[in-house]
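S.K.: build me a model:
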Amino acid sequence: MDLTLPASAASAAAGAASAAVQAASAVGALAQSAGLAAGEVAGQALAGMDSTQLLAVAAALGWASGLRLYLVVFLTGLAGWLGWVPLPPGLEVLEHPVVLAAAALMLGVEFFADKIPGLDSVWDAAHSVVRIPAGAALAAAVFGGDSATWAMVAALMGGTLAATSQAAKSTTRAAINTSPEPFSNIGVSLLGDLAVPGMLWLSWEQPVVFFVVLAVVLLLMLGLIALFWRFLSGLLRRVRALFAGDGPPSNRAP
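M.R.: Numbers count the residues shown, from 1 in each chain. So this is what the prediction gives:
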């Protein structure tokens, strides 16, 4: 039996195979061009952010992390996921649904823990080892691997700002907790809830104004740290003297 294909059939098969290869190549080229186009769109959006805006975003992430770390992660990731702002490549991981879900869960816990006198100070103390390095990492991620120098500068700035806001929050809340009424505690907590999204928005939309506001806020925070640290130190000395049985320090014999 002759199993040899006719010349016309062989030619048709060869033509079909060639057409399939060309179609596959066209699909691959289309997918590659679509990917490049998406990358160009993101690159063009980020290219519109100058150094001032990038530094403002890095500073805002660092400063706000010292107050509400989980709120910072959730809002930043949500804004990127919804397309409100173009996130730098180093921050795109915050858009992942798992990260958003975990941040939302911890945000809910922190929101209520921060409103309960006493528990808020315990929460702040436990997160003092988390907020500062997280603020440094988020600030550095704004520049990612594009510039190691700027990433290092951003990390130092973000960590310092996170430490400052963390210290101001901890000392202020500890001093407020000496008052028996809970309303001032809740009011200060709500103020922090509003300050974080406000400063993040300002860093994206008005970076120069953000730096002016940040300078004023930092001066205020440093003043609060000094004021409430003296208050808490004096209170601690009085408590120690009371338990020692010597009476208040002012009543001691010289």
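S.K.: ranges for the helices of the protein?
M.R.: With DSSP state H, the ranges of helices along the chain come out as 7-47, 51-81, 97-113, 119-141, 148-176, 183-205, 207-244.
S.K.: flag every buried residue along the last one.
M.R.: Of the residues in helix 207-244, those buried by neighbour count under the rule 16 or more other C-beta atoms under 10 Å are P207, F210, F211, V213, L214, V217, L218, M221, L224, I225, F228, A241. (Each C-beta comes from the backbone N, C-alpha and C, glycine too.)
S.K.: so which of those sits lowest on pLDDT?
M.R.: Lowest pLDDT within the buried residues of helix 207-244 is found at A241 (66).
S.K.: just to revisit the earlier point, deepest-packed of the helices of the chain, please.
M.R.: helix 51-81 (a mean of 24; mean count of other C-beta atoms under 10 Å).
S.K.: so which of the helices of the chain comes closest to L91?
M.R.: helix 119-141 (5.1 Å; C-beta to C-beta).
S.K.: can you list the helices and strands that that closest one packs against?
M.R.: helix 51-81, helix 97-113, helix 148-176 (3 or more C-beta pairs under 8 Å, 6 or more residues apart in numbering; DSSP states H and E).
S.K.: can I get those helices in JSON lines including distance to A136 and mean pLDDT?
M.R.: Listed next are these as JSON lines, based on distance: least, C-beta to C-beta, whole Å; pLDDT from 0 to 100:
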{"stretch": "helix 51-81", "distance to A136": "7", "mean pLDDT": "95"}
{"stretch": "helix 97-113", "distance to A136": "18", "mean pLDDT": "96"}
{"stretch": "helix 148-176", "distance to A136": "3", "mean pLDDT": "91"}
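S.K.: CSV for the ones you listed, including distance to S203?
M.R.: Output for the helices and strands packed on helix 119-141, formatted as CSV (distance: least, C-beta to C-beta, whole Å):
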stretch, distance to S203
helix 51-81, 4
helix 97-113, 19
helix 148-176, 12
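S.K.: closest one to L200 among the ones you listed?
M.R.: Closest of the helices and strands packed on helix 119-141 to L200 is helix 51-81, at 5.2 Å (criterion: C-beta to C-beta).
S.K.: and that closest one with helix 97-113, angle?
M.R.: Angle of helix 51-81 versus helix 97-113, following axes from the mean of the first three to the mean of the last three C-alpha atoms, to 10 degrees, is 100 degrees.
S.K.: which elements pack onto helix 51-81?
M.R.: So helix 51-81, by 3+ C-beta pairs under 8 Å, 6+ apart, packs with helix 97-113, helix 119-141, helix 148-176, helix 183-205, helix 207-244.
S.K.: out of those helices, the one nearest A60 is which?
M.R.: So among those, helix 183-205 is nearest, using C-beta to C-beta, at 3.6 Å.
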